[in-house]
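> give me coordinates for this.
(4 chains)
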Protein chains: 2
Amino acid sequence: MCANGTSAVTLRMLADQLGLHVSTVSRALHGTSDESGRAASPATVERIRRLATELDYRPNPHAASLRTRRSNLIGVLVPRLSDIVLAMIYEGIEEAAAEHDLSTFVANTRDLPEIQRIRTDMVLARRVDGMIFGDAYVDARFLGEVAARGVPFVLVNRRAGDLPSVTCNDHLGGRLLGEHLLELGHRDVAVVAGEPYASTGIDRTEGFVSAYAEAGIEIPPRRIVRSPFDATGGRAAAEQLLADGRPPSAIFAVNDFAAIGVLGALRDHGLHAGTDIAVAGFNDTPLAAELPVPLTTVRSPMHEMGRRGIELLVRLLRGEQVESEQLRPELVVRVSTTGALLGGGSSGSKQGVARTHLHPPA
Amino acid sequence: MCANGTSAVTLRMLADQLGLHVSTVSRALHGTSDESGRAASPATVERIRRLATELDYRPNPHAASLRTRRSNLIGVLVPRLSDIVLAMIYEGIEEAAAEHDLSTFVANTRDLPEIQRIRTDMVLARRVDGMIFGDAYVDARFLGEVAARGVPFVLVNRRAGDLPSVTCNDHLGGRLLGEHLLELGHRDVAVVAGEPYASTGIDRTEGFVSAYAEAGIEIPPRRIVRSPFDATGGRAAAEQLLADGRPPSAIFAVNDFAAIGVLGALRDHGLHAGTDIAVAGFNDTPLAAELPVPLTTVRSPMHEMGRRGIELLVRLLRGEQVESEQLRPELVVRVSTTGALLGGGSSGSKQGVARTHLHPPA
DNA sequence: CTGAAAGCGCTTACAG
DNA sequence: CTGAAAGCGCTTACAG
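As a prediction, the model looks like this:
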């Protein structure tokens, strides 16, 4: 009996019980039913398969990995799984990995370069076949080193340099939101811009700013403040925006959690989101629609991003050439930007159900 | 070169380069510096260590596992990582696992028994040394089978039967909230009770109900509604509570996300949380404090729960006897229950900063 | 169509 | 104090 209590049926046991050699059993159990013609006679293959099923034989992956030098293991690094955006991306990764008979190790790096290094080493020491990074710094310094070591990997969530990545088209997402606020007549707007090392915040901000630029409006630097990607960070950034002089008429936070922090800050100042000041987020996390003031945001295909990340990595591991992918964002308009239109005081009834989906131009 | 591009330095390479036998090198690299006295002479050990460091030798874990029948791998099952409560518990698990040189596989089961079975089999096929379940059904039917197979495991988050578990003292947590609402004078209260198969919802509800019972108030069945553990579920449950006749004066949702859904439903009905109706949640997730209406809740030590889960499992793997642990909850009072006391309309300024911690009696 | 052998990289009694 | 051997459970050319 093995440590985990599973009946440790081995190839040898099957072979002995069938009066065959282990190599025959191994071959029969391998090829797909059609190609295992060269493995053993159909009758023998059938006998082997039957017994394997009966005894619930599970090949020992450590033995197989040792022999084949392939572990079917993938290492995944994220800033933190308690960020729902990364958690949902990881759900996509795990799902697609399982379909490819791959298992994944996931580790939190808290966006700290030292931890990124340590975790990468740990994961590599486990002999993974490849990695997925969800915590790329846009400068790609560390990741460049990893690439130089010959480790196959892809990025998800954030891009960096010309490394293969699957991201949301964040620039377009920012632009969609900019155009939406312009349509609503907002001229004096602000951005809670996220961390300066993450392409997500950078690109979303740039897209937003460029939409305004094209409308002839330049957003001044003091209206663009960096922030951590969480509610506390969003609240602090909003406090800063509200501290000096006249507040902007709209605030775009580059992710939903920061936007929730903005909502909290507004409330502290006696301001109503959606009526006094428009607020928008990014990602369309499950909470966005359920907030007391439903949040206008941009849907990013998080689950799909994880799935595509695995697909890309699988092709990379087959030695194929791969290209980065950008997934399409979608504007989701809710009360946090349209509250004023609905003629609403803060206590308007049934505002929560007023939702519209505006699709970006194809 | 191995698949992941890491320089595949082996024990043999070290041995050859040093003119020693692999067994000597293996022994020297193993024991702690003091006990490796019986491995080789101090000088030899030193030479071996130096070269291993220089060449950045990493033992092949598959080879070691094959030989020792120990993988240092732990399988973790959770309902979903996109539930921040489970994500934070998992962060604790991962952290403590790393300290014990353990790696973890984590999989989402969406609380579906079929998936729990499939994932458990997958994880076991990977030859993990033990498992942690964060998705236990209180009936312990499936887990009983797993235990019968001899797999070492512990539960976190939810208890089941008399299986070893690390949980929050959910009964006490519910009681603390009940006492808090009683103190505030609420007599007609309701519970958004979560899923009937999860001990968390069950115990929190029971604790709450028993606090009221001791005050001579019986909460009628129609005031207790089950619900999924997310915002959508909380909103639906609140709609149900608000649909028939006079609404309760306070609603306790057994987790924060459901409570956020309750807040949304109140808003749809033109009601103000904290002034018109008191609302409380459970877990004190990071968002609770940052919401526009900061949420009264019970802090459960999620990170610590994960850490303790690994500690318990490690002891189990050593063959020690282990006992289930209950961690202490802590009441955190915020505006969502005290808004009325603060004399607040819904637009009260700076309400967000009014926070109190009430410690439970020791 | 099936068998026999070699070997992946370790660890661990057993000698000497 | 160090070496030599056996073996964990597989896979994969190579024979026959």
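
> by mean pLDDT, which helix or strand of chain A comes out lowest?
Scoring the helices and strands of chain A by mean pLDDT, DSSP states H and E places strand A:356-358 at the bottom, with a mean of 43.

> hey, where'd the strands end up in the stretch 251-362 of chain A?
For the stretch 251-362 of chain A, applying DSSP state E, counting those that start in this stretch gives strands covering A:278-280, A:297-299, A:325-327, A:330-333, A:356-358.

> which parts of the stretch 1-150 of chain A are strands?
With DSSP E, counting those that start in this stretch, the ranges of strands along the stretch 1-150 of chain A come out as A:73-78, A:103-108, A:130-133.

> run through who's touching the second one.
Residues external to strand A:103-108 that are found in contact with it (C-beta atoms under 8 Å, 6 or more residues apart in numbering or on different chains): A:72-81, A:90, A:93-94, A:97, A:115, A:119, A:122-123, A:126, A:128, A:132, B:91, B:94, B:103-106, B:122, B:126. C-beta coordinates here come from the backbone N, C-alpha and C atoms, glycine included.

> tell me who's in contact with the most centrally placed residue in chain A.
With distances taken as C-alpha atoms, centre = their mean, A:Ile89 lies nearest the centre of chain A, 3.2 Å away. Each residue near A:Ile89 by C-beta under 8 Å, 6+ apart is listed here: A:78, A:134, A:156-157, A:302-303, A:305-306, A:309.

> in space, what's closest to A:Arg58 - neighbours in sequence excluded?
Excluding the flanking residues, the one nearest A:Arg58 by C-beta to C-beta, 6 or more residues apart in numbering or on different chains is B:Ala125, at 4.4 Å.

> ok, the one you found - how many residues close by?
The criterion is other C-beta atoms under 10 Å in any protein chain shown. On that basis, B:Ala125 has 16 neighbouring residues.

> got it, and A:Val9?
The number of residues near A:Val9, taken as other C-beta under 10 Å, comes to 18.

> repeat that for A:Ser23.
When neighbours are defined as other C-beta under 10 Å, A:Ser23 has 11 of them.

> returning to what we had before: and the strands of the stretch 1-150 of chain A: which comes nearest B:Gln326?
Within those, the stretch nearest B:Gln326 is strand A:103-108; the backing value is 26.2 Å (C-beta to C-beta).

> what's the angle from the closest one to strand A:73-78?
Relative orientation of strand A:103-108 and strand A:73-78, computed by axes from the mean of the first three to the mean of the last three C-alpha atoms, to 10 degrees: 20 degrees.

> convert strand A:103-108 to PDB, retaining C-alpha atoms only.
Output in PDB follows, covering the C-alpha atoms of strand A:103-108 (Å, rounded to 0.1, in the frame of the first residue of the first chain):
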ATOM      1  CA  SER A 103      -1.900  19.400 -14.000                       C
ATOM      2  CA  THR A 104      -1.100  22.800 -12.700                       C
ATOM      3  CA  PHE A 105       0.800  24.300  -9.700                       C
ATOM      4  CA  VAL A 106      -0.300  27.800  -8.900                       C
ATOM      5  CA  ALA A 107       1.600  30.200  -6.700                       C
ATOM      6  CA  ASN A 108       1.000  33.700  -5.400                       C
END
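
> so for that strand, mean pLDDT?
What strand A:103-108 shows for mean pLDDT is 96.

> how about stretch A:169-176?
Averaging pLDDT along stretch A:169-176 yields 98.

> flag every buried residue along that stretch.
Judged by neighbour count (16 or more other C-beta atoms under 10 Å in any protein chain shown), stretch A:169-176 contains these buried residues: A:169-176.

> nearest residue to A:Thr275 in space, please, no chain neighbours.
A:Gly339 (4.5 Å).

> go on, A:Leu51?
Skipping the residues right next to it in sequence, A:Leu51 comes nearest to A:Leu14 by C-beta to C-beta, 6+ apart, at 5.7 Å.

> then A:Leu182?
Distance criterion C-beta to C-beta, 6+ apart; nearest residue to A:Leu182, sequence neighbours excluded, is A:Ala215 at 5.3 Å.

> burial of the one you found, as a residue count?
13.

> with A:Arg58 instead?
Burial of A:Arg58 is recorded as 18 neighbouring residues (other C-beta under 10 Å).

> residue contacts, the closest residue to A:Glu330 other than its chain neighbours?
The shortest distance from A:Glu330 to any residue that is not its chain neighbour, by C-beta to C-beta, 6+ apart, is 4.4 Å, and that residue is A:Arg299. Under the criterion of C-beta under 8 Å, 6+ apart, the contact partners of A:Arg299 comprise A:283-284, A:329-332.

> of those residues - the most surrounded one?
A:Asn283 (29 neighbours).

> for it, give the beta-bridge partners.
Assessed by DSSP bridges, A:Asn283 has beta-bridge partners A:Arg299.
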